[in-house]
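Peer 1: Coordinates for the following, if possible.
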Amino acid sequence: MKTANAPLFKDPIHNGAADPVVIYNEETGTHYMLYTARRADVEEEGVMWVHGTDIGIAESKDNGNSWEYIGICKGLEYGEGKNTYWAPEVIRFGELYHMYVSYVPGIPADWNHPRYILHYTSKNLIDWNFESKLNLSSEKIIDACVFRLPDGIFRMWYKDERNGSHTYFADSKDLYNWEVKDCAADDVPHEGANVFEFGGKYWLITDCWSGLDVYYSDDLTTWTKQSGRILDVGGTREDDGVIANHADVYVTDNNAYIFYFTHPDRQKNMLERQFKLPNLKLKTVFWYVTEIRIYRLNLNNIKRLDEIPSNLLYYFDVVMLILFPSLVITISPLSSVRYTSTPASLSLLKVSSLG
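Peer 2: Presented below is the predicted three-dimensional model:
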């Protein structure tokens, strides 16, 4: 059994990798991870370090066990001067990759500026061509997620900060023209919506700054929220002792992997965060991955962790159970990972194969 480094990846430029999305590169036969390259090593006014960001790229040639920085996305320049790019979402359709990236004009020192989603296309995941600025439900939207419905329509979920920081959604027949439909989740403020299909259901996870909320659906329109969150307590691995932030789920065969980042020295939840901190390490971020597994269990016979054979669940140091109708989702980090001593990174647990 192969295990991957924990943390998994360090951005070598600014130590601030965040908001990852993983996609298989058909041209190279490798996995690419695009991410927000926060400038965690700069000392500037307010939250300028969170702005002025590029979209970084890491590549894995061994099915996700290790990742190497290969540069930034090219061709994203929009507007005058230096601007801000966050939280890329990338899908492939036909011969093109489509990226929907959050855009903030300039390098603001606060959170009070407009935000948009920009659409780009590429043939190689590195060189991008601008297509349009999307016209959605407000002038303060970020964090796109796109999933194709069974009828062929593409659906985009995104955070609308003008409307309670809730998740709204829009539909498109061609990935270029979008029609706003409705609000998908409005129970609590959140961001970083991610939608995937796994175990016979559709799932929506969101970052509520106190762990990740989980919803499920049979039709990708009506969502039911689970009572418990996942990754709302820290693990035992190096720099993984805090809650997870803004995750992406990569599904392959019968496995699903959730990629997330952490602020390793931030002990409180993100709702209590303070950004003017003298300790620069509080601004660094690390990437981790855990495996999601779904087991069909009799809810009256869920065993204690120490009663489950190790050859079934391996050697998990954390198992958090989210109960669904006849389903249990487990978020299960392994304790036998190889550690790296990096100041900011991304990490992957058990990898059977991402290919």
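Peer 1: Quick check: residue 137 touching residue 180?
Peer 2: Yes: the pair residue 137 / residue 180 is scored as a contact, 4.9 Å apart, by Cβ atoms under 8 Å. Heads up, the C-betas are built off the backbone N, CA and C, glycines and all.
Peer 1: Identify the contacts common to the two.
Peer 2: By Cβ atoms under 8 Å, 6 or more residues apart in numbering, residue 137 and residue 180 have these common neighbours: 168, 170.
Peer 1: quick one: average confidence on stretch 66-75?
Peer 2: Averaged over stretch 66-75, pLDDT sits at 95.
Peer 1: And the contacts of it?
Peer 2: 4-5, 8-9, 11-13, 33-34, 37, 54-61, 85, 88, 99, 120, 122, 125-130, 346.
Peer 1: got the end-to-end distance for it?
Peer 2: 27 Å (Cα to Cα, to the nearest Å).
Peer 1: Flag every buried residue along it.
Peer 2: Along stretch 66-75, these residues count as buried under the neighbour rule (16 or more other Cβ atoms under 10 Å): 66, 67, 69, 72, 73.
Peer 1: Please flag which of those sit within helices.
Peer 2: Nothing among the buried residues of stretch 66-75 maps onto helices, per DSSP state H.
Peer 1: residue contacts, the residue positioned nearest the centre of the chain?
Peer 2: Ranked by distance to the mean C-alpha position of the chain (Cα atoms, centre = their mean), the top residue is residue 247 at 2.7 Å. When contacts are counted by Cβ under 8 Å, 6+ apart, residue 247 touches 192, 194, 205, 207, 212, 231, 258, 259, 260.
Peer 1: one more time with 10 Å, if that's ok
Peer 2: By Cβ atoms under 10 Å, 6 or more residues apart in numbering, the contact set of residue 247 is 19-20, 192, 194, 205-207, 212, 230-231, 258-261, 288-290.
Peer 1: ditto for residue 27
Peer 2: Applying Cβ under 10 Å, 6+ apart to residue 27 gives the contacts 97, 123, 124, 125, 126.
Peer 1: correct me, but residue 65 touches residue 5?
Peer 2: Yes: Residue 65 is within contact range of residue 5, at 7.6 Å (criterion: Cβ atoms under 10 Å).
Peer 1: still on that earlier bit, what's the nearest residue to the residue nearest to the centre of the chain if we skip its chain neighbours?
Peer 2: residue 260 (3.9 Å; Cβ to Cβ, 6 or more residues apart in numbering).
Peer 1: helices and strands around the strand or helix carrying the one you found, which ones?
Peer 2: Assigned by DSSP states H and E, residue 260 belongs to strand 255-262. Under the contact definition 3 or more Cβ pairs under 10 Å, 6 or more residues apart in numbering; DSSP states H and E, strand 255-262 sits against strand 17-25, strand 30-37, strand 191-198, strand 201-207, strand 245-252, strand 286-295, strand 327-332.
Peer 1: Give me the distance between the fifth one and the centre of its chain.
Peer 2: What that stands for is strand 245-252. 5 Å (Cα atoms, centre = their mean, to the nearest Å).
Peer 1: what do you get for the third one?
Peer 2: Taking the mean C-alpha point of strand 191-198 and that of its whole chain, the gap between them comes to 8 Å (Cα atoms, centre = their mean).
Peer 1: and the angle for that strand with strand 255-262?
Peer 2: Relative orientation of strand 191-198 and strand 255-262, computed by axes from the mean of the first three to the mean of the last three Cα atoms, to 10 degrees: 170 degrees.
Peer 1: now the fifth one
Peer 2: Direction vectors for strand 245-252 and strand 255-262, defined by the same axes, to 10 degrees, enclose an angle of 160 degrees.
Peer 1: which of the residues in strand 245-252 are buried?
Peer 2: Of the residues in strand 245-252, 245, 246, 247, 248, 249, 250, 252 count as buried by neighbour count, 16+ other Cβ under 10 Å.
Peer 1: on that earlier part again, partners of the strand holding residue 260, with directions?
Peer 2: Strand 255-262 pairs in its sheet with strand 245-252 (antiparallel), strand 286-295 (antiparallel), by DSSP bridges.
Peer 1: Those strands: lowest mean pLDDT?
Peer 2: strand 286-295 (a mean of 55).
Peer 1: CSV for the buried residues of strand 245-252, including distance to residue 154?
Peer 2: Shown next, in CSV, are these (distance: Cβ to Cβ, whole Å):
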residue, distance to residue 154
245, 26
246, 22
247, 21
248, 18
249, 18
250, 19
252, 21
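Peer 1: and which of those residues is nearest to residue 147?
Peer 2: Lowest distance from residue 147 to these (Cβ to Cβ) belongs to residue 249, with 10.9 Å.
Peer 1: How about the contacts made by the closest one?
Peer 2: Counted by Cβ under 10 Å, 6+ apart, residue 249 has contacts 21-22, 145, 194-198, 203, 205, 256-260, 289, 292.
Peer 1: now residue 24, nearest residue through space, not along the chain?
Peer 2: Per Cβ to Cβ, 6+ apart, closest to residue 24 is residue 31, 5.7 Å.
Peer 1: okay, how far is it across stretch 160-178, tip to tip?
Peer 2: The straight-line separation of the ends of stretch 160-178 (Cα to Cα) is 15 Å.
Peer 1: I misspoke; the intended subject was stretch 227-236.
Peer 2: 24 Å.
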